[in-house]
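Asker: Here is my input; please provide its structure:
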Amino acid sequence: MTLSQVHVRKEELTNAVVASVDAGELAEGAVRLAVESFSVTANNITYAVVGDGFGYWNFFPPKSDEDGLGIVPMWGHAKVTQSNHEDFAVGERIYGYLPMGSGLDVVPGNVTAASFSDMTDYRQPMSPVYNNYSRLAADPEHDAAREKERMIYGPLFKTGFIIDYFMRSENWFGANQVILTSASSKTAMGLASVAKQNSPQIKRIGLTSAGNVEFVESTGLYDKVLTYEAIGTLAINDCVSVDFAGNADVLKKLHNHFGDTLKYSCLVGATHIEERGAFGGGADLPGPKPALFFAPDHFVAFFKEHGPVDGGTMIAKTWHGFLSAVEGTVDIVTLKGLDAARETYLTMVGGTVDPAKGIVIEP
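Answerer: Predicted coordinates for the structure are as follows:
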C-alpha cells in the first residue's frame, strides 16, 4: 500500500514536497487509518516554527531515508480501513491529531467507547493531549453538521479557553485589559470569546494588520481593534499581553509602551514566521520577561482538577458561545488533494491567507 505525505524541510519551512511512500505491513494490535479531512490553520504553522523545541516533529516521522524532513501535524477526521485490534472495525470514524498525509497507523490503548490513546512507542514522550483520539460514534462533542468547524476552530478555541482559565486563576495578574496580537487568528478569537463570556470585566484590545481591521471588528469579540502601528496610542493601564504573532518588533513596542504596567507577557504562537526570532526571547525588554505558554501542560492540570466530565462541560459551554459569535464571519473552503494542502501550508507560511477563510483539505 502506498501513502502520500507532505514532507517539510525543518530548517527551511518554505521547502515542502508531496512524497509517495510504502505504508508497510500493519502491526499486531494496530489500526490503519485513512485520513478523510483536516484543516490548515495558523496553529499548524506554529507547530512547524517551534517544532524542535516542543517535539511537534516527533509525532509523525516521515517515511524517508533523507534526514532533516518532518511532517506538520494537523487536526482532522479519519476512517479505519484495516484493523488488527478487536475493538475496532473497518469503517469506524475518529477525530484527532493526524499527519499532513493520506494515512496513519495507530496502536490503540486506554480504549473506551468514546476515545482511545495511540500507544505507538515513539509518541509516548510527548503530551498525552495529542495522543488521544475521539471515536465519533460515542463522542459527546461530535456534531456531524459541524465537522468542518471543529477542525478549523476546535484546537485553537481550546487553547484560547485554557489561556483565559489560566489568567482567571491568576486574577489576570491585577490587570484590567488584555492586548491580543494577531487578533484575526482563530486562537486569538477563541480567547477573546471566552474572556468575553467568563471575564467580562477585562477589556479586550485586538491588534492586527491594517488589512484585517474590518474583519476583526466584524466579529464583535473585541472592545477595541487597532493596527500594530497604533500601539503607541494605547492608554497606559495595567494590562497583560497575549502574543500570537511572534513578531519581535511588535513585542518590543508593547513592552516599551507599557513598561511595568504590563503585568504579564504571554507568548503563545508565531503566525509572523519571518519574525519568529522573538519566540521565547525578550530578556532585555522592559517589564516582565515574556513567558511561553504550552497549552497541553495546562490542560493536563485542568482535567486533573476538574475531571473529564466537568472539565468537558466547562469547555462545551463556552464552545457553543464561540460558535454563535463567529457564525458567518469565516467562509469555509474545502480543497481536494495533498497538493492543495502543500500549497495552503506554503501560503500560510508566507502569512498571506485571508483570515475570513477557513481551509479544509480532503486528501
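
Asker: C-alpha from now on. contacts and neighbour counts both.
Answerer: Fine.

Asker: what kind of secondary structure is residue 3 in?
Answerer: Secondary structure for residue 3, judged by DSSP: H, G, I helix; E, B strand; the rest coil, is strand.

Asker: what does stretch 178-195 contact?
Answerer: The set of residues external to stretch 178-195 that reach it, using C-alpha atoms under 8 Å, 6 or more residues apart in numbering, is 42-43, 153, 156-161, 163-164, 202-209, 212, 215-216, 221-222, 239-245, 271, 318, 321-322, 325, 355.

Asker: list the contacts for the closest residue to residue 127 other than its chain neighbours?
Answerer: Distance criterion C-alpha to C-alpha, 6 or more residues apart in numbering; nearest residue to residue 127, sequence neighbours excluded, is residue 296 at 6.5 Å. The contact partners of residue 296, taken as C-alpha under 8 Å, 6+ apart, are 127, 129-130.

Asker: Over to the nearest residue to residue 290 once chain neighbours are set aside. Which of the three states is it?
Answerer: Residue nearest to residue 290 in three dimensions, not counting chain neighbours: residue 265, with 4.7 Å by C-alpha to C-alpha, 6+ apart. Classification of residue 265 using three-state DSSP returns strand.

Asker: re the thing from before, out of the contacts of stretch 178-195, which end up buried?
Answerer: Applying 16 or more other C-alpha atoms under 10 Å to those, the neighbour count classes 42-43, 153, 156-161, 163-164, 202-208, 212, 215-216, 221-222, 239-245, 271, 318, 322, 325, 355 as buried.

Asker: Any regions of this protein where pLDDT drops low?
Answerer: 269-283, 352-353, 355 (pLDDT under 70).

Asker: Spatially central residue for it, please.
Answerer: Most central in the chain under C-alpha atoms, centre = their mean is residue 43, positioned 3.7 Å from the mean C-alpha point.

Asker: and the gap between it and residue 178?
Answerer: Noted for residue 43: a distance of 21 Å to residue 178, by C-alpha to C-alpha, to the nearest Å.

Asker: all helices in the stretch 251-363 of the chain, in order from the N-terminus.
Answerer: For the stretch 251-363 of the chain, applying DSSP state H, counting those that start in this stretch gives helices covering 295-326, 338-349.

Asker: quick one: which of the ones you listed is nearest residue 25?
Answerer: Among the helices of the stretch 251-363 of the chain, the nearest to residue 25 by C-alpha to C-alpha is helix 338-349 (23.0 Å).

Asker: Residue 317 - how many residues pack around it?
Answerer: Counted with other C-alpha atoms under 10 Å, the neighbours of residue 317 add up to 12.

Asker: Now residue 133. Nearest residue, chain neighbours left out?
Answerer: Per C-alpha to C-alpha, 6+ apart, closest to residue 133 is residue 96, 4.9 Å.

Asker: Quick check: that neighbour touching residue 128?
Answerer: No - Residue 96 is not in contact with residue 128 according to C-alpha atoms under 8 Å; the separation is 11.9 Å.

Asker: Where do the helices of the stretch 51-200 of the chain begin and end?
Answerer: Counting by DSSP H, counting those that start in this stretch, the helices of the stretch 51-200 of the chain are 51-54, 128-131, 147-169, 186-198.

Asker: can you redo these as a markdown table with distance to residue 332?
Answerer: Listed next are the helices of the stretch 51-200 of the chain as a markdown table, based on distance: least, C-alpha to C-alpha, whole Å:
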| stretch | distance to residue 332 |
| --- | --- |
| helix 51-54 | 27 |
| helix 128-131 | 25 |
| helix 147-169 | 8 |
| helix 186-198 | 13 |
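
Asker: Nearest to residue 253 among those would be which one?
Answerer: Judging these by C-alpha to C-alpha, what sits closest to residue 253 is helix 186-198, at 19.1 Å.
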